[in-house]
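Visitor: Structure, please.
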Amino acid sequence: YYVQRNYEDAIPMFEKAIELGSTSLEYRYELGLSYSYLGDCEQAIIWFEQTLELDPNNEIALQGLRDCESTP
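Guide: Take a look at the predicted model:
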C-alpha cells in the first residue's frame, strides 16, 4: 500500500506489523511518513521519534521530523 501511495491502508498494516513484534526501522519511519503525507504530523512525530530512539542518525526520520516541525 505504501509504495502505491495508499497511505490510509498502509497505516494499519504498519501498525499491525509493529504490534506483532516487528523491529523494522523502515516500518516505523514509513508509518511516520504515511501520517505526514496525510497531514497528521502529530502522529507522524511519534513514529519519527521512535525510529530515532532506535537509530539516532536515521536521516529519513530526522528529515520527516524537520518537515513536520516546520509545518504550521
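Visitor: check contacts around the residue nearest to the spatial centre of the chain.
Guide: A centroid search over the chain (Cα atoms, centre = their mean) returns residue 32, at 1.6 Å, as the residue closest to the centre. When contacts are counted by Cβ atoms under 8 Å, 6 or more residues apart in numbering, residue 32 touches 43, 44, 45, 46, 47, 48, 51, 61, 64. Quick note: C-beta positions are derived from backbone N, CA and C, even for glycine.
Visitor: Kindly report the same for residue 49.
Guide: Residues in contact with residue 49, defined by Cβ under 8 Å, 6+ apart, are 61, 65.
Visitor: Figure out how far the helix or strand hosting it is from the centre of its chain.
Guide: Using DSSP states H and E, residue 49 falls within helix 41-54. Helix 41-54 sits 6 Å away from the centroid of its parent chain (Cα atoms, centre = their mean, to the nearest Å).
Visitor: Kindly supply the ChimeraX command isolating those of the contacts of residue 32 that are buried.
Guide: Of the contacts of residue 32, the buried ones can be selected in ChimeraX as follows, counting by 16 or more other Cβ atoms under 10 Å:
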select :44,45,47,48,51,61,64
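Visitor: okay if I get the contacts of residue 32 as TSV plus pLDDT and distance to residue 27?
Guide: Output for the contacts of residue 32, formatted as TSV (pLDDT from 0 to 100; distance: Cβ to Cβ, whole Å):
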residue	pLDDT	distance to residue 27
43	97	14
44	98	14
45	97	16
46	97	13
47	97	9
48	98	13
51	97	9
61	98	12
64	97	14
